[in-house]
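Undergrad: give me a model of this one.
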Amino acid sequence: MGNYFEYLHTVGFEETNIVGNVYYVNYLRWQGRCREMFLKTNAPDVLAELQDDLKLFTLKVDCEFYAEITAFDELSIRMHLVDLAQTQLEFSFDYVKLDARDLGVGEALIARGRQRVACMRGPNTRTVPARVPDSLVRALQPYVP
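TA: Here you go, the predicted model:
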């Protein structure tokens, strides 16, 4: 394993369109799911802070596609830490098709995305920038580039 957090996913019919290709929005949903599973696995106390007043706002998100995928393709969504600042984080995501024999290889990079996240605290009407929680900084240490 490299310096990334891995979320494994099997594409379902509900994630595809009428011709069988995956809807764009699902790639973004998988970024969020990967991030959530990282917190659940590596920084569960941050989940408790999210129930209190911590908010993780997604400021920017993008995804670039290299190949199409369809229902029942097995994916590895690999989250890399790109930047860790005082109040913000940036991640990149590699979407890897695990059984890519149809593309002539064992694994294939089918898309790549990025996500910038800001930490905020306070009630919804008066949130202010906040430091990245120490426990999250510690959990991210193995992934520092």
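Undergrad: the longest strand along the chain - contacts with which helices or strands?
TA: Taking DSSP state E as the criterion, the chain has its longest strand at strand 108-121. Applying 3 or more Cβ pairs under 8 Å, 6 or more residues apart in numbering; DSSP states H and E, we find strand 108-121 packed against helix 24-42, strand 54-65, strand 88-97, strand 128-129. (Glycine included, C-beta is placed from N, CA and C.)
Undergrad: can you add distance to S135 and give the ones you listed back as JSON lines?
TA: Below are those laid out as JSON lines (distance: least, Cβ to Cβ, whole Å):
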{"stretch": "helix 24-42", "distance to S135": "9"}
{"stretch": "strand 54-65", "distance to S135": "11"}
{"stretch": "strand 88-97", "distance to S135": "13"}
{"stretch": "strand 128-129", "distance to S135": "18"}
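Undergrad: got the CA positions of stretch 35-50 in PDB?
TA: Extracted in PDB, the C-alpha atoms of stretch 35-50 (Å, rounded to 0.1, in the frame of the first residue of the first chain):
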ATOM      1  CA  ARG A  35     -13.300  11.000   3.200                       C
ATOM      2  CA  GLU A  36     -16.000   9.800   5.600                       C
ATOM      3  CA  MET A  37     -14.600   6.300   5.800                       C
ATOM      4  CA  PHE A  38     -11.100   7.800   6.500                       C
ATOM      5  CA  LEU A  39     -12.600   9.700   9.500                       C
ATOM      6  CA  LYS A  40     -14.500   6.600  10.700                       C
ATOM      7  CA  THR A  41     -11.400   4.400  10.500                       C
ATOM      8  CA  ASN A  42      -8.600   6.800  11.400                       C
ATOM      9  CA  ALA A  43     -10.100   9.800  13.300                       C
ATOM     10  CA  PRO A  44     -13.400   8.700  14.900                       C
ATOM     11  CA  ASP A  45     -13.200  11.500  17.500                       C
ATOM     12  CA  VAL A  46     -13.500  14.000  14.700                       C
ATOM     13  CA  LEU A  47     -16.900  12.500  14.000                       C
ATOM     14  CA  ALA A  48     -18.000  13.400  17.500                       C
ATOM     15  CA  GLU A  49     -16.800  17.000  16.900                       C
ATOM     16  CA  LEU A  50     -18.900  17.100  13.800                       C
END
